[in-house]
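# sequence first, predicted coordinates after that:
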Amino acid sequence: MNGKELQMMQNMDLGTKVMKSKLRIRQWYNHFTGNVYVAFSGGKDSTVLLDLVRQEFPDVPAVFVQTGLQYPEVREFVKTVDNVITIKPKMTFKEIIEEYGYPIPTKMQAQYIEQYRNTGSNKLKKLRWEGEEKYGNYKISEQWKFLVDAPFKISDKCCNYIKKGPLKRYQKETGNKPFIGTMATDSGMRKQYALKNGCNAYDGDNPISKPLTIWNETDVWEYIKKYNLDYSSIYDMEYKRTGCMFCLFGAHLEKPNRFQLMKKTHPKIYNYCMKNIGLKKVIEYVNENAPNNKCKIPIKHRQLNLFSNIKTG
């Protein structure tokens with residue numbers, strides 16, 4: 001798939017996207033003779049994916065990784081869904097950040113910062129600082145270079161241990177291959193993956209099907225409303241993303257951000273993550289040292305009336 005083909009498919013109407021997604025689902029199911037599962041997070045995207053898969057194959061199991069980082073509303077919603085297998089990671093979020101580092105500012109930038117700090121290769125160190133065109137200019141962005149000197153560890157490894165690790169163990173034990181509800185519009189990395197692998201990646205050590213690759217957020221909500229799907233009530237509390245509560249990836253892009261919302265909707269959880277997990281020191285360092293306001297993560301909000309209709313937890 002090239003960029004032009006991807007864009008063309010992303011511009012298709014919902015009905016056509018549903019048809020194409022179901023085709024990919026059937027192909028994946030048949031290729032692995034039914035030994036498949038849906039990676040179910042309880043979020044809106046995987047909720048739509050699970051509905052699509054079970055329209056074709058009702059008995060496909062959903063696998064939920066109980067990370068301890070989901071919003072309470074997400075965990076409660078998962079309990080209402082049939083045929084869900086719950087698995088858990090071996091490490092807690094606190095153990096992971098102590099050993100590897102905090103997930104900030106984005107997955108790709110965290111990886112580059114961690115590599116720059118810890119590599120023994122001068123070549124890689126130079127690449128991550130200066131970039132090279134032939135390597136795709138993969139370097140630490142100028143606006144995030146100040147994080148190299150941060151007094152705390154930074155890493156992109158959290159997701160590997162919290163989510164991917166448990167799912168890989170499940171796959172090894174069962175032989176089942178996953179449907180994942182990610183889209184090319186989610187991030188630059190996911191777009192690059194889509195361009196390289198398409199929707200169904202059969203080859204390699206980790207085959208993955210991503211039937212929603214060509215969808216976008218508008219498509220997901222249109223589908224939910226059109227087919228009257230139940231979904232987690234967390235979305236009715238102004239949240240746009242419902243992944244790990246304490247993750248800092250992309251928080252600087254949100255207005256209001258997840259922590260401003262959490263302070264109003266889940267104050268006890270907010271206080272725990274700021275003090276016990278140490279997010280307060282991370283956010284304060286970013287806000288004090290960031291070269292521009294685009295990098296900052298405010299945790300106060302003057303327009304408190306913005307949250308007047310949000311339920312408290």
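Received the coordinates, thanks.
# which intervals of the stretch 1-150 of the chain have sub-threshold pLDDT?
Applying pLDDT under 70 to the stretch 1-150 of the chain flags the ranges 133-137.
# now do the helices in it.
Using DSSP state H, counting those that start in this stretch, the helices of the stretch 1-150 of the chain run over 3-10, 14-31, 44-56, 72-78, 93-99, 107-118, 122-130.
# same check, this time on the stretch 201-313 of the chain
Using DSSP H, counting those that start in this stretch, helices in the stretch 201-313 of the chain cover 217-226, 258-265, 267-275, 279-289.
# now the longest one: buried residues?
What it means is helix 279-289. Buried residues in helix 279-289, defined by neighbour count with 16 or more other CB atoms under 10 Å: 279, 282, 283, 285, 286. The way it works is simple: take the backbone N, C-alpha and C, and place the C-beta from them, glycine included.
# what sits closest to the last one if chain neighbours are left out?
The shortest distance from residue 286 to any non-neighbouring residue, by CB to CB, 6 or more residues apart in numbering, is to residue 297 (5.8 Å).
# that neighbour against residue 253, yeah?
No: Residue 297 is not in contact with residue 253 according to CB atoms under 8 Å; the separation is 9.6 Å.
# and these two? Which one has more around it.
In this view residue 297 and residue 253 are compared by other CB atoms under 10 Å, and residue 297 has more residues nearby, 22 against 12.
# got a list of what that one touches?
248, 251, 252, 257, 259, 283, 286, 287 (CB atoms under 8 Å, 6 or more residues apart in numbering).
# what's the answer for residue 184, then?
Contact analysis of residue 184 by CB under 8 Å, 6+ apart lists 6, 10, 190, 191, 193, 194, 195, 213, 214.
# let's see it at 10 Å
1, 6-7, 9-10, 190-195, 199, 210, 212-216 (CB atoms under 10 Å, 6 or more residues apart in numbering).
# what's the answer for residue 145, then?
109, 112, 113, 116, 129, 139, 291.
# can you select the buried ones from these in PyMOL?
In PyMOL, this line selects whichever of these come out buried by 16+ other CB under 10 Å:
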select buried, resi 109+112+113+116+139
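# now render the contacts of residue 145 as JSON lines, adding distance to residue 185.
Listed next are the contacts of residue 145 as JSON lines, based on distance: CB to CB, whole Å:
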{"residue": "109", "distance to residue 185": "19"}
{"residue": "112", "distance to residue 185": "22"}
{"residue": "113", "distance to residue 185": "25"}
{"residue": "116", "distance to residue 185": "29"}
{"residue": "129", "distance to residue 185": "30"}
{"residue": "139", "distance to residue 185": "24"}
{"residue": "291", "distance to residue 185": "28"}
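# quick one, phi/psi of the residue minimising distance to the centre of the chain?
Closest residue to the average C-alpha location of the chain: residue 243 at 5.9 Å, with CA atoms, centre = their mean. Residue 243 has phi and psi values of phi -80, psi -140 when expressed as degrees, to the nearest 10.
# and it, what pLDDT?
Looking at residue 243, its pLDDT reads 85.
# now swap in the one 10 residues further on and tell me
Each residue has a pLDDT score; the one for residue 253 is 93.
# show me what contacts it?
By CB under 10 Å, 6+ apart, the contact list for residue 253 reads 105, 106, 294, 295, 297.
# can you count the residues close to residue 111?
When neighbours are counted by other CB under 10 Å, residue 111 comes out with 18.
# distance of the nearest residue to it once chain neighbours are set aside from residue 182?
Excluding the flanking residues, the one nearest residue 111 by CB to CB, 6+ apart is residue 156, at 4.2 Å. For residue 156, the distance to residue 182 (CB to CB, to the nearest Å) stands at 16 Å.
# then residue 125?
31 Å.
# give me the buried positions along stretch 180-199.
Applying a neighbour-count criterion of 16+ other CB under 10 Å, one finds 180-187, 190-191, 193-194, 197-199 buried in stretch 180-199.
# about what we covered before: my guess is the residue nearest to residue 111 contacts residue 162, does it?
No: here residue 156 lies out of contact with residue 162, judged by CB atoms under 10 Å, at a distance of 11.8 Å.
# ok, the closest residue to residue 168 other than its chain neighbours - contacts?
Nearest in space to residue 168, with sequence neighbours left out and distances taken as CB to CB, 6+ apart, is residue 206 at 7.6 Å. Applying CB under 10 Å, 6+ apart, one finds that residue 206 lies in contact with 164, 167, 168, 171, 177, 178.
# tell me the pLDDT at residue 206?
Residue 206 is given a pLDDT of 88.
# same check, this time on residue 297
So residue 297 comes in at 95 (pLDDT).
# likewise residue 189?
The model reports residue 189 with a pLDDT of 75.
# ok, it to residue 176 distance?
For residue 189, the distance to residue 176 (CB to CB) stands at 25 Å.
# number of residues surrounding residue 46?
So residue 46, with other CB under 10 Å, has 23 neighbours.
# ok, now residue 214?
Applying other CB under 10 Å, we find 27 residues neighbouring residue 214.
# great, nothing more from me.
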